[in-house]
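J.: when you get a sec, could you give me coordinates for this:
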Amino acid sequence: MKQKTRYLFITEHDAEQLEHLIKIGSTLDAAHLENLEEELSYANIVSPKKIPPDIITMNSTVQIKDMDSGEEKTYTIVFPNRVGMVENAISILAPIGTALLGYKEGDLIEWEVPAGTRRYKVLKILYQPERDGEVSS
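T.: Numbers count the residues shown, from 1 in each chain. This next block holds a predicted model:
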């Protein structure tokens with residue numbers, strides 16, 4: 001689990017799809033689904049037009065920095081069925097995928113994983129569908 005809680009913004013469309021994903025989820029993904037469900041429990045569900053432009057949403061492409069290794073990575077957060085279809089895709093069910101959702105540029109993320117605490121900084125949101133007037137799917 002994360003060390004800090006933030007106010008999560010999510011679109012109505014994404015919330016519906018994520019809730020469906022939780023309902024149909026497999027036992028193999030149980031821990032990841034539980035983390036996602038917790039994230040959604042305090043989400044502010046809004047229309048796409050009300051999502052702040054600097055918030056990471058589904059299908060956003062973000063540049064992050066691992067604060068321990070210094071390595072920079074770029075990810076696009078997608079639903080599990082789209083992982084192989086999008087460049088640099090990471091599933092929302094992957095620990096870092098769930099961790100990134102709802103954070104904004106400049107935020108420091110601390111996330112507990114089996115190997116310990118991982119720390120990432122959100123450097124830049126390269127693409128956010130809502131900011132660009134697109135409805136995520």
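
J.: any idea which helix or strand comes after the lowest-mean-pLDDT helix or strand in the chain?
T.: The weakest-scoring helix or strand in the chain, judged by mean pLDDT, DSSP states H and E, is helix 30-41 (a mean of 72). Counting by DSSP states H and E, the next helix or strand C-terminal to helix 30-41 is strand 43-46.

J.: list the contacts of that next one.
T.: 7-12, 15, 102 (Cβ atoms under 8 Å, 6 or more residues apart in numbering). The way it works is simple: take the backbone N, C-alpha and C, and place the C-beta from them, glycine included.

J.: give me the buried subset of those.
T.: The neighbour count (16 or more other Cβ atoms under 10 Å) marks 8-11, 15, 102 as buried among the contacts of strand 43-46.

J.: ok so, going back, got the contact list for the least confident helix or strand of the chain?
T.: 1, 8, 10, 15, 18-19, 21-22, 25, 92-95, 98, 101-102.
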